[in-house]
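Peer 1: take this sequence and fold it.
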Amino acid sequence: MISHALPRRMLAVAAACALLAAAGVAVAGPDIRSEVALVIDHNGNRLVSRNTTEVRPIASVTKLMMAMVVLDADVPLDDPITITEQDRDRMRWSRSRLYIDEATMSRRDMLRVALMSSDNRAAHALGRTTFAGGTPAFIKAMNAKAAALGMRDSHFADASGLNANSVSTAEDLVRMINAAAQYPFIREVTSTGEFTAHPYPNTKRGPLEYRNTNPLTRDSRWQVELSKTGYIHEAGRCLVMQAVVAGRRLYIVLLNAQGKLTPVADSNRLRDWLNTHGDTRTASLASTGG
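Peer 2: Residues are numbered from 1 along each chain as shown. I've put the predicted structure just below:
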């Protein structure tokens with residue numbers, strides 16, 4: 001037992017030794033394989049941190065910013081929008097079931113399809129029709145929104161994320177996730193597993209069944225509150241989420257994964273690790289550049 005008569009300096013040394021001893025027992029972190037990873041809980045504790053300040057293409061994660069700009073514009077969500085030749089992807093020739101000059105949906109349902117299934121024609125149509133200045137005005141508004149959110153290392157070049165010049169960092173994306181979560185519509189759409197669209201009411205074409213590109217929204221083990229996936233070659237596989245795991249609200253950013261299912265597998269490994277080490281504040285994970 002330490003005597004109360006010991007000088008304060010000796011007590012301080014003893015406390016420091018105890019702290020160093022405790023710090024020496026590191027809890028192995030989750031096996032996260034995405035090249036960029038950042039997981040922060042609602043109290044600001046960093047659970048995983050890797051390459052968090054590297055500026056990277058973010059692919060369709062861009063669509064979260066697109067949706068916020070549309071909703072901020074306060075344009076009628078019931079207005080019909082028709083897919084036109086302008087909405088065809090001539091950069092990567094991505095596929096879409098929304099046929100040119102045929103598919104018509106409300107702005108609300110265009111947002112659903114763009115966010116849930118990451119349809120690029122829907123995203124482009126939303127950027128094209130929101131402001132009188134068309135797509136250039138929309139992209140300008142996206143970058144203004146990013147600046148207002150303090151996303152200093154981010155830049156948006158299109159509404160869909162097909163352009164590799166739409167870039168951000170994991171640090172900035174946590175800010176974007178937090179901002180997007182303030183919109184009930186975005187939370188509801190991006191956490192829903194499936195949706196039926198009716199873009200061809202006046203033709204023989206039937207309804208279209210869409211599934212969320214994030215399979216965790218259909219996994220009963222997960223409480224996903226907001227999510228968005230993304231992929232282009234330059235960005236790799238990307239996944240951002242707000243989710244409740246082991247009683248903690250988490251902001252999860254996983255970028256530049258090479259395997260198609262790697263971000264989902266990383267998320268499951270993170271969940272399993274948290275269920276085992278629920279009281280752990282930080283994980284031991286190698287980090288470079290962030």
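Peer 1: next one: phi and psi at residue 229?
Peer 2: Here is the backbone geometry of residue 229 (degrees, to the nearest 10): phi -100, psi 170.
Peer 1: now do the contacts for it.
Peer 2: By CB atoms under 8 Å, 6 or more residues apart in numbering, the contact list for residue 229 reads 60, 61, 118, 213, 214, 237, 238, 239, 263. From N, CA and C alone the C-beta is placed, and that goes for glycine too.
Peer 1: show me the contacts for the spatially closest residue to it that is not a sequence neighbour.
Peer 2: Leaving aside its sequence neighbours, residue 229 sits nearest to residue 213 (CB to CB, 6 or more residues apart in numbering; 4.4 Å). Shown in contact with residue 213 (CB under 8 Å, 6+ apart): 60, 116, 117, 118, 229.
Peer 1: wait, is residue 213 part of a strand?
Peer 2: No: applying DSSP: H, G, I helix; E, B strand; the rest coil, one finds residue 213 to be coil, outside a strand.
Peer 1: how close does it get to residue 226?
Peer 2: 14 Å (CB to CB, to the nearest Å).
Peer 1: what about the most centrally placed residue in the chain, which helix or strand?
Peer 2: Central residue of the chain (CA atoms, centre = their mean): residue 240, 2.7 Å from the mean position. Using DSSP states H and E, residue 240 maps to strand 236-245.
Peer 1: what secondary structure does residue 256 sit in?
Peer 2: strand.
Peer 1: same deal with residue 188?
Peer 2: Here residue 188 is helix, with the state taken from three-state DSSP.
Peer 1: quick one: pLDDT of it?
Peer 2: Note on residue 188: pLDDT of 98.
Peer 1: roughly how far does it sit from residue 200?
Peer 2: Residue 188 sits at a distance of 24 Å from residue 200 (criterion: CB to CB).
Peer 1: of those two, which one has the most company?
Peer 2: residue 200 (18 against 13; other CB atoms under 10 Å).
Peer 1: list the residues that contact the nearest residue to residue 150 once chain neighbours are set aside.
Peer 2: Leaving aside its chain neighbours, residue 150 sits nearest to residue 175 (5.8 Å; criterion: CB to CB, 6+ apart). Contact partners of residue 175, counting by CB under 8 Å, 6+ apart, are 149, 150, 151.
Peer 1: now do the same contact list for the last one.
Peer 2: Read it as residue 151. Taking CB under 8 Å, 6+ apart as the test, what residue 151 contacts is 168, 172, 175, 176.
Peer 1: so it: helix, strand or coil?
Peer 2: Following three-state DSSP, residue 151 is assigned to coil.
Peer 1: helices of the stretch 1-150 of the chain, start to end?
Peer 2: Per DSSP state H, counting those that start in this stretch, the stretch 1-150 of the chain carries helices over the ranges 8-23, 62-72, 107-116, 120-129, 134-148.
Peer 1: quick one: closest of these to residue 92.
Peer 2: For residue 92, the closest of those is helix 120-129, at 8.2 Å, according to CB to CB.
Peer 1: picking up where we left off before, and the strand holding residue 240, which residues are buried?
Peer 2: Within strand 236-245, the residues scored as buried using 16 or more other CB atoms under 10 Å are 236, 237, 238, 239, 240, 241, 242, 243, 245.
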